[in-house]
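Visitor: sequence first, predicted model second:
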Amino acid sequence: MNLICRGSLVGFGLLALLGSVNAAAAPLLELPCQRTVISRSATNMPPYSFLDEKQQLTGYRVEFMQQLFGRLGCKLEILTDSPWKRSLMLLESGEIDVLMNASKSADREAYAWFSKPYEDEKVAVFVAAAQRDQLKLKQLADISERGYSVGLIRGNFYGSQVSALLEQPSFRKFVVEAIDKPALYQFALRGRVQLYLDYFPNGLLALRDEKLEQQIVRYPIPPITIGQVHFMLSKKSVSAEFVRQLDLALADMLRDGSVRKLQYKYGVMPE
């Protein structure tokens, strides 16, 4: 396999520079690959993506992409530490080719292809441990009815139910937006929000990694399935035929147990 994974490529300047060359000069991705596939990943989201002791990027999603694009005979370059919202803009412009773990929506379909789904996406409610017994929640709708302040990460999609709630001024006024997970943690611990929403199980795993699992806990209502996740590919840099071939390789990984092996390896088995 011809794979390139550069965990040391950090910063918007280099990402934009490499992306601009890609968008301006490179042809649409076809098979066989004429050029390197460019993706993006965070470096601080274990076990999904993180730097190992040798400062090499690894993790569940990193290995998943390496195996998938390796089956297509493609070189893969993963750039790091561009916020999700900016990464969507770069994909829309064709400066990067693919993002993993993306939800499908009508506005995104205007500029992106989506692979077949490969996992369910779930959202859970998290609270400061000291707040858990004080809140009275049975479902997401109770958040607005009881006027609880709720933290969300700016640019994330939390499902159609939350999107509908965000359209209501009576709910929106209680929403506090954060730029990332550490900001959410501080909002909860300092009482700026009474609860926050995060994806499951990665929200729980992230708390364990930060050694905050005793201070912030999952509120005891079942995680809510909000949809399924896909690979998201730029229509400006990727052909429809490439997406079709990617779907075939993805189906093979699901069928032969490769995805399940990765889930077990990194401890991300869904509940």
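Guide: Noted; the coordinates are in hand.
Visitor: now do the same end-to-end measure for stretch 44-52.
Guide: 10 Å (C-alpha to C-alpha, to the nearest Å).
Visitor: distance between that stretch and the chain's centre?
Guide: Mean C-alpha position of stretch 44-52 versus that of the full chain (C-alpha atoms, centre = their mean, to the nearest Å) differs by 12 Å.
Visitor: for that stretch, buried residues please.
Guide: 44, 45, 46, 47, 48, 49, 50, 51 (16 or more other C-beta atoms under 10 Å). For every residue, glycine as well, the C-beta is placed using N, CA and C.
Visitor: run through the strands of the protein in chain order.
Guide: Secondary structure of the chain (DSSP state E): strands at 37-41, 44-45, 49-51, 57-58, 76-80, 98-103, 112-114, 119-128, 150-153, 175-178, 195-200, 216-218, 224-234.
Visitor: thinking again about what came up before, same list (the buried residues of stretch 44-52) but as CSV, adding distance to residue 81.
Guide: As requested, the buried residues of stretch 44-52 are exported to CSV (distance: C-beta to C-beta, whole Å):
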residue, distance to residue 81
44, 8
45, 11
46, 15
47, 18
48, 14
49, 10
50, 12
51, 11
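Visitor: rewinding a little: worst mean pLDDT among the strands of the chain?
Guide: Note on the strands of the chain: lowest mean pLDDT is at strand 44-45, with a mean of 81.
Visitor: enumerate every residue touching residue 147.
Guide: Each residue near residue 147 by C-beta atoms under 8 Å, 6 or more residues apart in numbering is listed here: residue 174.
Visitor: going forward, count from 56.
Guide: Got it, first residue is 56 now, which makes that one residue 202.
Visitor: give me the distance between the spatially most central residue of the chain and residue 172.
Guide: In the chain, the centroid-proximal residue (C-alpha atoms, centre = their mean) is residue 156; its distance is 4.6 Å. Noted for residue 156: a distance of 11 Å to residue 172, by C-beta to C-beta, to the nearest Å.
Visitor: so in terms of bridging, what pairs with the spatially closest residue to residue 124 that is not a sequence neighbour?
Guide: Sequence neighbours aside, residue 131 is the residue nearest to residue 124 in space, at 4.5 Å (criterion: C-beta to C-beta, 6 or more residues apart in numbering). Under DSSP bridges, the beta-bridge partners of residue 131 are residue 92.
Visitor: give me the number of residues near residue 131?
Guide: 24 (other C-beta atoms under 10 Å).
Visitor: could you measure the closest residue to residue 259 other than its chain neighbours against residue 132, distance?
Guide: Spatial nearest neighbour of residue 259, excluding adjacent residues (C-beta to C-beta, 6+ apart): residue 273 at 6.0 Å. Applying C-beta to C-beta, the value for residue 273 to residue 132 is 35 Å.
Visitor: next one, pLDDT for the residue at the greatest distance from the centre of the chain please.
Guide: Centroid-distance maximum for the chain: residue 189 at 30.8 Å, with C-alpha atoms, centre = their mean. Looking at residue 189, its pLDDT reads 91.
Visitor: ok, it - contacts?
Guide: Per C-beta under 8 Å, 6+ apart, neighbours of residue 189: none.
Visitor: how about 10 Å then?
Guide: 182, 183, 249 (C-beta atoms under 10 Å, 6 or more residues apart in numbering).
Visitor: same question, residue 270
Guide: Contacts of residue 270 by C-beta under 10 Å, 6+ apart are 183, 184, 185, 240, 243, 244, 262.
Visitor: contacting residues for the first one?
Guide: I take that to be residue 183. When contacts are counted by C-beta under 10 Å, 6+ apart, residue 183 is found next to 189-190, 240, 242-246, 248-251, 267, 270-272.
Visitor: ok, now the second one?
Guide: Taking C-beta under 10 Å, 6+ apart as the contact definition, residue 184 lies against 243, 244, 267, 268, 269, 270, 271, 272.
Visitor: if we ignore the residues flanking it in sequence, what's nearest the second one?
Guide: Take residue 244 and drop its neighbours on the chain: the residue closest to it by C-beta to C-beta, 6+ apart is residue 183, 5.7 Å away.
Visitor: quick check: the one you found vs residue 199, distance?
Guide: For residue 183, the distance to residue 199 - C-beta to C-beta - is 20 Å.
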